[in-house]
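Student: predicted coordinates and the sequence they were generated for:
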Amino acid sequence: MIRHKLRELGADFLLLMVAVAWGSTFFVVQAAVNETPVYTFLFWRFFLAGLLMALISLKQLRFMNKKVLKAGMLLGLFMFLGYAFQTFALTYTYSSTVGFITGLNVVVVPFVAYLLFKQKTSVFSTLGALIAVVGLYFLTLNSEIGFSLGEFYAFICAIMFALHIVFTGQLSRQHNIYLLVTIQFLTVGICSFVGGFVLEGSIVPPRTDALFVNAIAITVIFATIFAFWVQTAMQRFTTAAKTAIIFTIEPVSAGVFGYFFANELLSFSQIWGAVMILVGMLIAELGTYFIEQYQRRKGTL
């Protein structure tokens, strides 16, 4: 029991590092996308990550089969659709609104996990998720939410990312992790290639300056290969609901890195939102542990 809990805590800590990695690269990606069309950037990010993962995974090719191919393509499709609908949403509404609604996947995940796989969520994870949502509101929202096409697209984006988290937890226990990640990256790369030509007319970046090269290098290594490999590997030892709560740290991390390295300002409400997200994560993380300890001590009396 203790070994199992330590393994779960270790997995959650590494997932926290994933959220920090995503948040730390946010302002770099934002600056690059201001110069480079979104699908062009996604293509180069995930295609190069897929090639590097393929090289890393050469010894794992003996485990390749139709099942792992279908699983990786499914995860890649969820990921691509999440990015695609997020991009569509940004053309119709405020980025802060999109960020908040996308973050709602933290409450969508438990429902999806139960509906598809009958996974029950602990009361602590539920409470932590609700507190994290309130924190997200204060951290990301600068305008009132309506219900336009932009909000609808953002909600579809949240569902896609929720499906990605839930299915990652399931499929990572059934298939080779290296192949699962590699196929996932290449799927996003291929879909972005098609999206780039259909919506942007090309996947050739308009400028290949230092900003673009640095952004691609940083996102490929840290925000893609490191982040998604760790997510896929570590979700075997924790729940999808806790993973979603931990990932709400991403905008907190983005705000902190933006403050120290991009001269961005943090308002009191944003700081309060970040604190609430941290509280929600701690409740989800520590609640189950303390109740288990209490029940164990009670059973020994």
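Tutor: All right, it came through fine. Residues are numbered from 1 along each chain as shown.
Student: so where do the strands sit in this structure?
Tutor: Using DSSP state E, no strands are found in the chain.
Student: where does the residue nearest to the spatial centre of it land on pLDDT?
Tutor: The chain has residue 247 as the residue nearest its centroid, 6.1 Å off, counting by C-alpha atoms, centre = their mean. Here, the pLDDT recorded for residue 247 equals 92.
Student: nearest spatial neighbour of it, chain-adjacent residues omitted?
Tutor: Nearest residue to residue 247, sequence neighbours excluded (C-beta to C-beta, 6 or more residues apart in numbering): residue 19, at 5.1 Å. In this view, the C-beta of every residue, glycine as well, is placed from N, C-alpha and C.
Student: next one: residue 224
Tutor: residue 49 (4.1 Å).
Student: gap between the one you found and residue 209?
Tutor: Distance of residue 49 to residue 209, given as C-beta to C-beta, to the nearest Å: 21 Å.
Student: so between these two, which is more surrounded?
Tutor: For residue 49 versus residue 209, the count of surrounding residues by other C-beta atoms under 10 Å is larger for residue 49: 28 against 12.
Student: you'd agree residue 202 is up against residue 40?
Tutor: Yes - under the criterion of C-beta atoms under 8 Å, residue 202 makes contact with residue 40 at 7.0 Å.
Student: between these two, which contacts overlap?
Tutor: residue 196 (C-beta atoms under 8 Å, 6 or more residues apart in numbering).
Student: neighbour count: those two, which is higher?
Tutor: residue 40 (24 against 11).
Student: so, low pLDDT: which residues of this structure?
Tutor: In the prediction, the chain carries residues with pLDDT under 70 at positions 1-2, 96, 142-147, 288-289, 291-301.
Student: where along it do the helices fall?
Tutor: 2-24, 26-33, 38-56, 66-90, 95-103, 105-117, 123-140, 149-171, 177-195, 210-218, 227-234, 240-247, 249-261, 268-300 (DSSP state H).
Student: most tightly surrounded among these?
Tutor: Comparing the helices of the chain by mean neighbour count (mean count of other C-beta atoms under 10 Å), helix 240-247 comes out on top with a mean of 27.
Student: contacting residues around it?
Tutor: Taking C-beta under 8 Å, 6+ apart as the rule, helix 240-247 contacts 12, 15-16, 18-19, 22, 105-106, 108-110, 112-113, 119, 121-122, 125-126, 128-129, 132, 162, 165-166, 168-169, 231, 235, 280-281, 284-285.
Student: ok, back up a step: so the residue nearest to residue 224 versus residue 42, what's the distance?
Tutor: 10 Å.
Student: mind listing the shared neighbours of these two?
Tutor: Contacts common to residue 49 and residue 42, judged by C-beta under 8 Å, 6+ apart, are residue 189.
Student: re the thing from before, do you know how far the residue nearest to residue 224 is from residue 230?
Tutor: 13 Å.
Student: and what of residue 4?
Tutor: For residue 4 relative to residue 230 (C-beta to C-beta), the value is 19 Å.
Student: ok, residue 11 next?
Tutor: Residue 11 is 9 Å from residue 230, by C-beta to C-beta.
Student: give the contact list for the nearest residue to residue 32 once chain neighbours are set aside.
Tutor: Nearest non-adjacent residue to residue 32, counting by C-beta to C-beta, 6+ apart: residue 215, 3.6 Å away. Counting by C-beta under 8 Å, 6+ apart, residue 215 touches 25, 28, 29, 31, 32, 41.
Student: got CSV for the residues you listed, with distance to residue 81 too?
Tutor: Formatted as CSV, the contacts of residue 215 follow (distance: C-beta to C-beta, whole Å):
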residue, distance to residue 81
25, 21
28, 24
29, 19
31, 25
32, 22
41, 17
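Student: out of these, which is nearest to residue 181?
Tutor: Minimum distance to residue 181 across the contacts of residue 215 is 17.9 Å, recorded for residue 25 (C-beta to C-beta).
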